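> what follows is a predicted protein model with its sequence.
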Amino acid sequence: MGYIDKIKERRRRFIEYNEIPKDVRPDILNSWIRCKNYGVGENSNKANILFKSEFDAVLEEKKEFIRICLPVMLNLYEILKDTNYSIILTDENAVILKILGNERIMAANKNLDFLEGRRWREEDVGTNAIGTCIYLDKPVWTLGAEHYCREQHKWTCSAAPIHNSRGKIIGCIDLSGSIGTFHSHTLGIVAEASNTIQEQFAISEHRKWTEVAFNSIKEGMLVLDNEFKVKYFNEKICSILGIHKSEMYKLDMKVLLRDVANDMYGLSDNGKIAYREISLYVKNKRVECNISVTHVLIGENYVGFVIVIQKAGTMRGVVNKIAGFSSRYDFDNILTNNPKMLGIIEDAKRIAQNECTVLITGESGTGKELFAHSIHNRSKRCNGPFVAINCAALPKDLVESELFGYEKGAFTGASKEGNPGKFELANEGTIFLDEIGELPLEIQSKLLRVLDNHTISRIGGKYERNLNVRIVAATNRDLIKEVNAKNFRSDLYFRLNVFNLKLIPLRERKEDIEMFVRFFLNRLNKKNQMQIEHIDKSFMDIIKEYNWPGNVRELENVVQRAYYLSKNGIITDSLIPDYIMESVGNIQDYTISLENKSKNKIKTVDQVERELIVKALEQCNGNVINASKLIEMGKSTLYRKIKKYNLK
């Protein structure tokens with residue numbers, strides 16, 4: 001008795017008498033037992049047919065899987081097309097997704113209901129290579145009567161599971177033909193096909209993850225061959241260039257990269273172009289970018305370039321943080337109990353939310369920079385750079401390049417790469433122009449153009465660069481006087497003075513002096529081992545009498561001096577500098593003198609005021625500023641009184 005006849009007899013006795021044969025392969029016997037338990041009839045061959053909508057959904061879900069498998073199936077078909085084998089691809093649920101075969105085998109498949117959209121599980125159609133392979137998750141072959149259902153006894157089938165990179169079964173590939181086509185190598189063929197598919201699936205997943213990784217980075221990535229043909233790019237570069245990804249392959253890369261193309265051609269084998277600021281040219285527009293280029297080595301040959309592109313300003317943002325171009329203070333850091341000063345702070349908080357230019361005026365040491373930091377931190381630009389520049393500290397011949405930058409080769413000694421100015425570094429943020437009254441007139445005109453057009457032009461540059469920056473300016477000068485003296489442009493003054501914050505000098509808010517003293521001492525106590533535990537009342541009384549021409553900055557210096565000279569943790573009036581003691585003594589002498597004279601002779605208010613001004617001017621050798629500080633009178637008010645009393 002041959003193998004096929006023997007198996008046919010063993011199957012009959014198993015079905016009719018429940019006899020367990022010992023000479024049937026275990027995988028087949030166990031499958032027969034499962035089929036009997038499922039209630040599968042030996043004469044049934046009804047595959048589970050999916051509704052069209054169900055099958056369409058499965059095909060959509062498995063679209064990528066089919067795309068990867070199809071080339072392997074087509075290669076197999078070319079080899080086996082004359083052998084009456086059909087090549088079948090299923091999903092993990094044994095649903096037939098794709099069948100390839102000649103007309104003869106496809107007709108036989110139809111008679112067997114072995115068609116796309118049918119489910120060939122063991123519980124549907126009994127023991128078969130597809131269903132049993134998926135159940136056991138290993139390669140399986142079935143021959144003739146090894147199939148549980150009689151209709152399949154004329155067939156031989158070999159199937160191998162397909163796994164994803166995590167080892168999960170995602171389908172199977174099967175070779176099915178008439179029983180006369182059986183060959184022992186068939187199972188090996190499908191197993192090898194399955195391995196090939198799994199390798200392609202792993203490559204596809206790797207490519208997909210690589211694409212996800214490339215598209216998740218903030219920089220644009222572009223890979224070119226040596227002929228400047230596009231080999232790969234990520235989505236970010238399309239965003240930077242403002243084009244759809246379908247347009248990328250149509251761009252002429254030599255035009256796009258014309259600012260750097262010659263340097264790329266000239267790269268040595270292991271050469272690089274570090275971050276360089278250039279223009280990219282796309283659709284008759286320029287896009288300002290930072291670019292780096294690396295030569296690509298594959299094996300022993302340099303085959304192209306990897307280009308990393310960032311929109312201009314992105315790299316600057318990183319540099320700004322490293323360079324400290326960020327704001328450090330907020331309105332909460334401004335100490336005061338003075339009602340007028342508190343009102344100024346509330347005004348500043350409201351104006352911070354707007355985009356208008358702010359001019360902060362006040363004497364040196366009143367906290368102008370502190371307000372500038374706070375305005376930035378409470379604005380919509382708080383996450384952008386805050387660039388502070390002292391206009392008085394800039395050398396006259398470098399003011400323009402410092403503020404507006406320069407292109408490469410703009411002047412002798414210029415950097416080969418060019419250099420952005422402070423305005424470009426502040427783009428998307430705030431620039432604080434301290435002591436703006438010191439700017440030369442020729443730079444004032446350039447600044448006016450920035451305010452009017454929101455663009456800048458570097459020294460030696462051919463193009464204007466768009467700018468989105470808020471300007472906060474500060475000065476201790478009287479800019480109206482500077483305008484009248486032709487030292488400051490009137491049009492620039494009015495453009496800057498959209499909102500004016502006039503800060504109060506310390507002599508007009510003496511109720512804050514004790515708070516400042518304790519704040520500075522607490523800070524010194526935290527920084528140093530020495531601790532100040534007591535401040536004599538006489539110390540506080542005397543410094544409250546002083547007019548503080550240097551304002552809070554001067555007070556801080558005096559407190560530091562007293563701290564470091566103190567003994568036994570006590571601050572006494574002996575630690576007050578002599579110049580303050582003398583100044584306070586002079587003020588008190590004036591007060592006593594005037595009080596004595598007023599007892600002897602009744603005078604009008606104007607007479608008393610005139611006499612006070614005369615004595616102050618005499619004491620200060622005619623210096624109006626010093627006299628105004630001595631008698632605690634504003635400079636402009638004192639000038640007006642001098643004119644009124646015809647003193648000069």
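Cool, got the structure. As the structure is a prediction and not an experimental result, all values here were calculated from the model.
> contacting residues for Lys236?
Asn215, Ile217, Lys218, Glu219, Gly220, Met221 (CB atoms under 8 Å, 6 or more residues apart in numbering). Heads up, the C-betas are built off the backbone N, CA and C, glycines and all.
> show the contacting residues for the fourth one.
With CB under 8 Å, 6+ apart as the criterion, the residues that contact Glu219 are Lys236, Val308, Ile309, Gln310, Thr314.
> assumed the fourth one was part of a helix.
No. Secondary structure of Gln310, determined by DSSP: H, G, I helix; E, B strand; the rest coil: strand, with no helix assignment.
> correct me if wrong: it contacts Gly220.
Yes. Contact criterion CB atoms under 8 Å: Gln310 and Gly220 qualify, at 7.1 Å.
> joint contacts of those two?
Listed as contacting both Gln310 and Gly220 by CB under 8 Å, 6+ apart are Ile240.
> which one of the contacts of Lys236 is nearest Gly569?
Gly569 has its nearest neighbour among the contacts of Lys236 in Lys218, at 53.9 Å by CB to CB.
> can you tell me the helix or strand for the closest residue in space to that closest one that isn't next to it in sequence?
Leaving aside its chain neighbours, Lys218 sits nearest to Lys236 (6.8 Å; criterion: CB to CB, 6 or more residues apart in numbering). Using DSSP states H and E, the element containing Lys236 is helix 235-241.
> following the chain past that helix, name the next helix or strand.
Where DSSP H and E defines the elements, the next helix or strand beyond helix 235-241 is helix 253-256.
> show me how far the helix or strand following that following helix is from its chain's centre.
Later in the chain than helix 253-256, the nearest helix or strand by DSSP H and E is helix 261-265. Distance of helix 261-265 from its chain centroid, counting by CA atoms, centre = their mean, to the nearest Å, is 30 Å.
> kindly report the same for stretch 67-84.
On CA atoms, centre = their mean, the centre of stretch 67-84 falls 48 Å from the chain's centre.
> next: stretch 484-498.
Offset of stretch 484-498 from its chain centre (CA atoms, centre = their mean): 38 Å.
> what residues go with each domain of this protein?
Using automatic domain parsing, the domain ranges for the chain come out as 3-208, 217-312, 319-502, 506-576, 582-644.
> now the end-to-end length of the first one.
Between the start and the finish of domain 3-208 there is a gap of 49 Å, counting by CA to CA, to the nearest Å.
> all helices for the stretch 301-450 of the chain, in order.
314-323, 339-352, 368-377, 399-404, 422-425, 441-453 (DSSP state H, counting those that start in this stretch).
> okay, the longest one in CSV with CA atoms only?
Read that as helix 339-352. Output of helix 339-352 as CSV, limited to C-alpha atoms (Å, rounded to 0.1, in the frame of the first residue of the first chain):
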residue,chain,number,x,y,z
PRO,A,339,2.8,104.8,45.4
LYS,A,340,4.0,106.7,42.3
MET,A,341,6.6,104.0,41.5
LEU,A,342,4.0,101.2,42.0
GLY,A,343,1.8,103.1,39.5
ILE,A,344,4.7,103.1,37.0
ILE,A,345,5.2,99.4,37.4
GLU,A,346,1.5,98.7,36.7
ASP,A,347,1.7,100.9,33.6
ALA,A,348,4.8,98.9,32.5
LYS,A,349,3.0,95.6,33.0
ARG,A,350,0.2,96.7,30.8
ILE,A,351,2.4,98.0,28.0
ALA,A,352,4.6,94.9,28.1
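> tell me the mean pLDDT over that helix?
In this model, helix 339-352 has a mean pLDDT of 94.
> what does it contact?
Residues outside helix 339-352 that contact it (CB under 8 Å, 6+ apart): 331, 334, 336, 358, 371, 374-379, 499, 501-504, 508-509, 512.
> buried residues in that helix, which are they?
Met341, Ile344, Ile345, Ala348, Ile351, Ala352 (16 or more other CB atoms under 10 Å).
> gap between the fifth one and His376?
Ile351 sits 12 Å away from His376, going by CB to CB, to the nearest Å.
> may I ask which helix or strand encompasses the one residue sitting closest to the centre of the chain?
With distances taken as CA atoms, centre = their mean, the residue of the chain nearest its centroid is Lys218 (6.7 Å). Here Lys218, judged by DSSP H and E, is contained in no helix and no strand.
> kindly report the same for the one 10 residues further on.
Phe228 is part of no helix or strand, with elements assigned from DSSP H and E.
> just the pLDDT for it.
pLDDT at Phe228 comes out at 91.
> Ile602 too?
On pLDDT, Ile602 comes in at 47.
> helices of the stretch 451-600 of the chain, start to end?
Counting by DSSP H, counting those that start in this stretch, residue ranges of the helices within the stretch 451-600 of the chain are 479-484, 490-496, 513-527, 537-545, 551-565, 578-600.
> that older thread, export the helices of the stretch 301-450 of the chain to TSV and tack on distance to Asn226?
Formatted as TSV, those follow (distance: least, CB to CB, whole Å):
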stretch	distance to Asn226
helix 314-323	27
helix 339-352	53
helix 368-377	48
helix 399-404	38
helix 422-425	34
helix 441-453	42
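> and these: which comes nearest Asn621?
For the helices of the stretch 301-450 of the chain, distance to Asn621 was read as CB to CB. The smallest value, 29.9 Å, belongs to helix 368-377.
> now that closest one against helix 551-565, angle please.
If you take axes from the mean of the first three to the mean of the last three CA atoms, to 10 degrees, helix 368-377 sits at 110 degrees to helix 551-565.
> which residues are in contact with helix 368-377?
Helix 368-377 has contacts (CB under 8 Å, 6+ apart) with 327-331, 333-334, 348, 351-352, 358, 360-362, 382, 386, 388, 429-430, 432, 434, 470, 472, 474, 476, 501, 503.
> mind exporting that helix as CSV, just the C-alpha atoms?
Extracted C-alpha coordinates of helix 368-377, given in CSV (Å, rounded to 0.1, in the frame of the first residue of the first chain):
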residue,chain,number,x,y,z
LYS,A,368,16.1,101.3,33.7
GLU,A,369,17.6,98.0,32.7
LEU,A,370,15.6,96.2,35.3
PHE,A,371,12.4,97.5,33.7
ALA,A,372,13.6,96.5,30.3
HIS,A,373,14.2,92.9,31.4
SER,A,374,10.8,92.9,33.1
ILE,A,375,8.9,94.2,30.0
HIS,A,376,10.5,91.5,27.9
ASN,A,377,9.6,88.8,30.4
